Structures are given as structure tokens and as C-alpha cells.
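Q: got a predicted model here, sequence first, then my questions.
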Amino acid sequence: MPTLPPEQARVSGLQPAEPPEPAEPPKLPEPAEPAEPGAPKSGPIQPPGPPEPEPAPGPAEPREAHQAREVAESFGSDAERYDRARPGYPAALVERIIAASRSPGPSPGPSPGVLDVGCGTGIAARQFQAAGCRVLGVDPDARMAVLARQRGLEVEVTTFEAWDPAGRAFDAVVAAQAWHWVDPLAGAAKAARALRPGGRLAVFWNAFQPPPGLAEAFAEVYRKVMPNAPNVGMRPILEVYLTMCGKAADGIRQAGAFGDPEQWEFRWERPYTRDEWLDQVPTFGGGAQLPRAMLEDLLAGLGAAIDAAGGSFTMHYTTVAVAAARTGAPLRP
């Protein structure tokens, strides 16, 4: 059975492309509530305690997400749909990354140089371009890169772990909905090599949560269409992403070339019609690998659930980010 990503975890009951987590995942401190809707939360991420021993992996256990290359490189099978249906990211997040990444000095200096890891079709990259940044994308899927280039983005096709900075230095390295496809330690080390001292690594994800009644209806559809899917009683999607944040922060610390990582959160909403949401569903990881009949049944069931809720709904999003500044320290061997 193909593995869907954490975006789908709660509503589908499917395990994301993550290894089994310890009973108590690393807890991130809860910052104060923002003063206004859409304002960010922020705060330092505390280092996790000593890791608990994990059982030896067996054939039935999921791999780390970055090892599931057949899923990581499947999104380009319908790049146009991905670019059309996937949401963007809060403007406040983009602004905060740019502000934190600018070179120090009395004048603003040249426009910030941004490296977008796993840029896909360039959804986040175009937001940074619109804010005045010079952006280079890196993505392993040539099909996604073709569309990103058509949208005006320069892209180099390779995995980030294999990508060569070739002496180039950036003000910011970002990854939007993509860092779980990168080895967290190797990725942090590569980002450190690509950043100037004081530059910023910022990795972030959109975590969605349907309204309660619709979330239950969605889950029932997935149970009916995919009765053999494991982990039906998964924890909330946001918790899954916070665990990802913890893993990203741990890789950043292990690289030894960054200051203390921070956690940022941005809460926002987006209305969806029935057709708009169903257009996005096949873009979730593993969606391209579902049998056609199963995907059709899934879309029919989700569409009926939305129709029963009035034909449209408001999705609640929390964008979670981990960010850290590059220090002058050399990388750890």
C-alpha cells in the first residue's frame, strides 16, 4: 500500500513516511499565543533527552521519509495539478525569514539570495521572488523542475545531499514541505556549507486540520476505501509535524554549525469548495501510486462528505517552522 504523507495522516489513518516514534516524542515548548490571527508564535526548541532504544527495523516497518525515494520523486507525475492545487505559505513567514537573513550593516545591501531545497514547481520560491529575493531551486524531479522553470525559477536537478554549492553562498536556505525528504543531518551540513555566516536555515510545513465533523467524515471514507490501512487512530497532524520539527532541529544541532534552532508557528485559514479540495487530494505523497479505481472511490467519498457539509468548508492551517542562524563554527567531522 503506498504511504501518504503527514498531510493525509489524520484524515486517512495512514502512517506517514516516518519511522515509529517513541511513546513520548520530544516536546517543544509552547510559545505565547499571537496577538492577532495569523501572527507567528516563536520560541527556542529544547534539545531532546537521550534517545530511547528502538527495535531493529523489520520489513514491515516504514522507512525514514528521505529513504522512500519512489514517493519523494513521484510528485512530478502531475506537476500542473500540484502547482495549481497546493496552497502557498503565510506572507508573515516569508517576511520573517528574509528579515532574519539579511546581511548586517547600515544599508539593506543587495537582495537576499535564497536557496529553495525541494523547490518542486516553485510555489514557495515564487513568494520569495515576489518579495525581492534572488532564488535558486534544487529538486530531484526533472518534471517538477520543468514547470518551475516555466514559472521563471532557476532550478538545478539533483537531491540536496548530492547538490554541489560550487563556492556559492546564500543568505537563506529554505525548504517548504520538503525537508522530511532530506536526510536531516546531511541536509543541515550541506545547508551550512551553502550559507554565509549569519545566514538562516528555515524549514517549514503546512499542517491542515479540517473542521471536526468533516474530519470524522473524511476519516470514515479512508477507512472504507482503504480498510487495510494501518494506524487508523493516529495522533493529530500538527503533532506529526512538530515531531518532524524536532528531528530537523536535532540534525541542525548535530551539524554543529548553527545557533540554537527556534520554532515558529503561523495560524491561518483557507476556504475550499468541493472541487478545489478534491483537486488537491491526488497530490499528497503516494497519491500518484494509488490504483485508479481506489483513487476514484476515495474522491467520490470525500466529495460526498463535502456535499453533506454544504459543498464547501474552511480548512484550518498551522504552518510550523524550524529556523537557525549559521555561525562561524566549522562543521563537525
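A: Done, it's in.
Q: for the record, mean pLDDT for the helix or strand encompassing residue 264?
A: For residue 264, the host element (DSSP states H and E) is strand 262-273. Mean per-residue pLDDT for strand 262-273: 98.
Q: given that strand, what are its sheet partners and their directions?
A: Sheet pairing here is set by DSSP bridges, and for strand 262-273 it gives strand 40-44 (antiparallel), strand 312-325 (antiparallel).
Q: show me the one of those that comes nearest residue 87.
A: strand 312-325 (7.2 Å; C-beta to C-beta). To be clear about C-beta, it is placed using only N, CA and C from the backbone, and glycine gets the same treatment.
Q: what's the single longest helix in this protein?
A: helix 237-255 (DSSP state H).
Q: in that helix, which of the residues would be classed as buried?
A: 237-253, 255 (16 or more other C-beta atoms under 10 Å).
Q: show the subsequent helix or strand relative to the strand holding residue 264.
A: Next element after strand 262-273 (DSSP H and E): helix 274-280.
Q: residues contacting that following helix, please?
A: Helix 274-280 is contacted from outside by 81, 84-86, 299, 302-303, 306-307, 311-313, 315, using C-beta atoms under 8 Å, 6 or more residues apart in numbering.
Q: quick one: which of the residues you listed is most hemmed in?
A: residue 306 (23 neighbours; other C-beta atoms under 10 Å).
Q: test my guess that that residue contacts residue 312.
A: Yes. Residue 306 is within contact range of residue 312, at 7.2 Å (criterion: C-beta atoms under 8 Å).
Q: just to revisit the earlier point, pLDDT on the longest helix of the chain, on average?
A: The model assigns helix 237-255 a mean pLDDT of 94.
Q: for that helix, packing partners?
A: helix 6-12, helix 184-194, strand 195-209, strand 312-325 (3 or more C-beta pairs under 8 Å, 6 or more residues apart in numbering; DSSP states H and E).
Q: so for residue 54, what's the pLDDT?
A: Reported pLDDT for residue 54: 33.
Q: what does the one 10 residues further on give?
A: Residue 64 carries a pLDDT value of 58.
Q: same check, this time on residue 227
A: pLDDT for residue 227: 81.
Q: and it, which of the three is it?
A: Using DSSP: H, G, I helix; E, B strand; the rest coil, the structure places residue 227 in coil.
Q: thought residue 188 was touching residue 160, still the case?
A: No. With contact defined as C-beta under 8 Å, residue 160 does not count as touching residue 188 (10.4 Å).
Q: mind checking which of these two has more residues around it?
A: A count of neighbours by other C-beta under 10 Å puts residue 188 above the other of residue 160 and residue 188, at 28 against 25.
Q: next up, the contacts around the more buried one.
A: 201, 248, 251, 252, 254, 255, 257, 258.
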